[in-house]
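K.L.:
no FASTA, just this:
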Ligand code: HAM
């Protein structure tokens, strides 16, 4: 029966058959990040709106158009988190993590919210896997973040992935560059679309991202920040590239790469996947050396990434088969139900997957059900206390020692 209610626009239910593929992604990520020493952190699903305004930047699309903001009963403005980096920096400061050994290496997985126009790969509630490495400006940390995302996508078997790499320089260098870029845009104002023209002074970098043909023409001759890198910024970028070369990770230097958040400095990167269509970025990140200071803390360099779980799943387009069960404990007589439940619990404690009938089926229907859920073996508890064991693949059935059923099932018996 169709329900009167549906999941809100841009959201979706994760049904069990999709949950299995999702769990595989989350487990692979948890393992890969843990092996590199990234410890899990969780922050609330909503934060003070101001955190994102200051952290992500007032001129970004995210803050201007995409935040789910609301007032609580105390008239505070709160926002469902559109991203995880600003909240983690807030937590880093709030819990005095700068006093810990640096860098602090954190990983996360969870839901994020952006009020975007929904399409394949773009949702209003989506999930990210990410890491933040806070408290070092070493290019090794940039390279490590990139390598870990590359490892994850490789281990999962995501096809057709390309890494785009850029650098925005330090905050100071970026300011100098932005003046040059603004001057270029102002010189060509008449060729720009309204959206870009209105934002020349607040967010000129976004012009690189525009789909407008006129803007693209103007940007083809615009100065690039990668071309303008000098001194330590240039050295930092060279080292990141050398580390990736040494690790055998292929990349394309993309001087026009920009990202939709204001906090980036120096390295930025983006993994795109040709299987994804319009929303081709599967994950990305970069360095954000000014963010913690921007939020009121001490100057603290940091780098990180986030990848979209739904985009990974779309690119993989795979079905993970149902796992089946090691055992189904059937009862030949209702008097044996309690014994069956106790036995299933014992089997589970011994590490096996085991189920009992929860619907009052007769023995024939229990076998049917056991078959449907992929049970490899069925234990049948008889009314007289005896037991039988049936192999569902071969159909072979034999008597089992009722005092030794767990051992029989785990192979620990004689
Ligand atoms: P972001 O590029 O905004 O970066 O998002 C990271 C990833 O989240 C994207 O590459 C994409 O896979 C996924 N994503 C973003 N928006 C949506 C959406 N509406 N629907 C589905 N997936 C989406 C950040 O969020 C930064 N916090 C990454 C970072 C961490 N930078 C440094 N540390």
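P.N.:
Perfect, thanks for sending it. Fair warning: this is a prediction, and the values are worked out from it, not measured in the lab.

K.L.:
Quick one: name the residues of the stretch 51-200 of the chain near the ligand.
P.N.:
Residues of the stretch 51-200 of the chain lying close to the ligand by CB under 6 Å from any ligand atom are 83, 84, 85, 114, 116, 121, 122, 123, 126, 128, 130, 132. Just so you know, the C-beta spots here come from the backbone N, C-alpha and C atoms, and that holds for glycine as well.

K.L.:
Where does pLDDT dip in the protein?
P.N.:
Applying pLDDT under 70 to the chain flags residues 1, 412-414.

K.L.:
and the longest helix for it?
P.N.:
Assignment by DSSP state H gives helix 16-35 as the longest helix of the chain.

K.L.:
Separate out the buried members of the residues of the stretch 51-200 of the chain next to the ligand.
P.N.:
Buried members of those, scored by 16 or more other CB atoms under 10 Å, are 83, 84, 85, 114, 116, 121, 122, 123, 126, 128, 130, 132.

K.L.:
ok so, going back, name every strand pairing with whatever helix or strand comes next after the longest helix of the chain and say which way it goes.
P.N.:
Counting by DSSP states H and E, the next helix or strand C-terminal to helix 16-35 is strand 39-40. Using DSSP bridges, strand 39-40 pairs in its sheet with strand 104-113 (parallel).

K.L.:
For the buried ones among the residues of the stretch 51-200 of the chain next to the ligand, give me TSV that also has secondary structure.
P.N.:
TSV is the format used below for those (DSSP: H, G, I helix; E, B strand; the rest coil):
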residue	secondary structure
83	coil
84	coil
85	helix
114	coil
116	coil
121	coil
122	strand
123	coil
126	strand
128	strand
130	strand
132	strand
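
K.L.:
what sits against the one residue in the stretch 151-300 of the chain that gets nearest to the ligand?
P.N.:
Distance from the ligand to each residue of the stretch 151-300 of the chain (CB to the nearest ligand atom) is smallest for residue 285, at 3.5 Å. With contact set as CB atoms under 8 Å, 6 or more residues apart in numbering, residue 285 has these partners: 130, 145, 149, 268, 269, 303, 304, 305, 306.

K.L.:
Out of those, list just those in helices.
P.N.:
145, 149.

K.L.:
Of all pairs in the contacts of residue 285, which one spans the longest distance?
P.N.:
Using CB to CB, the contacts of residue 285 span at most 14.7 Å, a distance reached by 130 and 268.

K.L.:
Do a quick rundown of the strands in the stretch 101-250 of the chain.
P.N.:
In the stretch 101-250 of the chain, the strands defined using DSSP state E, counting those that start in this stretch lie at 104-113, 125-134, 161-167.

K.L.:
which of the ones you listed sits most buried?
P.N.:
Among the strands of the stretch 101-250 of the chain, strand 125-134 has the highest mean neighbour count (mean count of other CB atoms under 10 Å), at a mean of 24.

K.L.:
Paired strands for it, with orientation please.
P.N.:
strand 104-113 (antiparallel), strand 302-308 (antiparallel).

K.L.:
for the residue of the stretch 151-300 of the chain closest to the ligand, helix, strand, or coil?
P.N.:
strand.

K.L.:
start the count at 14, not 1, going forward
P.N.:
Yep, numbering from 14; the last one is residue 298 now.

K.L.:
what does the stretch 214-363 of the chain have sitting close to the ligand?
P.N.:
Applying CB under 6 Å from any ligand atom, we find that the stretch 214-363 of the chain lies next to the ligand at 272-274, 294-299, 301, 317-321, 323-324.

K.L.:
again, 5 Å this time
P.N.:
Neighbours of the ligand within the stretch 214-363 of the chain, by CB under 5 Å from any ligand atom: 294, 296, 297, 298, 317, 319, 321, 324.

K.L.:
tell me the contacts of residue 169?
P.N.:
By CB under 8 Å, 6+ apart, the residues touching residue 169 are 37, 38, 41, 325, 329.

K.L.:
The second one: neighbouring residues, count only.
P.N.:
By the criterion of other CB atoms under 10 Å, residue 38 has 23 neighbours.

K.L.:
what about the helices in the stretch 314-427 of the chain?
P.N.:
322-329, 350-362, 376-385, 418-423 (DSSP state H, counting those that start in this stretch).

K.L.:
Run the chain-centre distance for stretch 120-127.
P.N.:
Offset of stretch 120-127 from its chain centre (CA atoms, centre = their mean, to the nearest Å): 7 Å.

K.L.:
same check, this time on stretch 162-173
P.N.:
Stretch 162-173 sits 13 Å away from the centroid of its parent chain (CA atoms, centre = their mean).

K.L.:
ok, residue 121 to residue 69 distance?
P.N.:
Residue 121 sits 16 Å away from residue 69, going by CB to CB, to the nearest Å.

K.L.:
nope, residue 152 is what I meant
P.N.:
25 Å.

K.L.:
same thing with residue 198?
P.N.:
In terms of CB to CB, residue 198 sits 22 Å off from residue 69.

K.L.:
do the same with residue 385
P.N.:
Counting by CB to CB, the gap from residue 385 to residue 69 is 49 Å.

K.L.:
Of these two, which one has the most company?
P.N.:
Comparing residue 385 with residue 69 by other CB under 10 Å, the one with more neighbours is residue 69, at 24 against 9.

K.L.:
Just list the residues touching the more buried one, thanks.
P.N.:
So residue 69 contacts 75, 76, 95, 96, 99, 274, 275, 276 (CB under 8 Å, 6+ apart).

K.L.:
With residue 404 instead?
P.N.:
Counted by CB under 8 Å, 6+ apart, residue 404 has contacts 389, 390, 410.

K.L.:
go again using 6 Å as the cut-off
P.N.:
residue 390 (CB atoms under 6 Å, 6 or more residues apart in numbering).

K.L.:
Roughly how far does it sit from residue 421?
P.N.:
12 Å.

K.L.:
for the stretch 264-413 of the chain, what spans make up the strands?
P.N.:
For the stretch 264-413 of the chain, the strands defined by DSSP E, counting those that start in this stretch cover 265-266, 278-286, 294-300, 315-321, 338-344, 367-369, 388-394, 400-404, 410-413.
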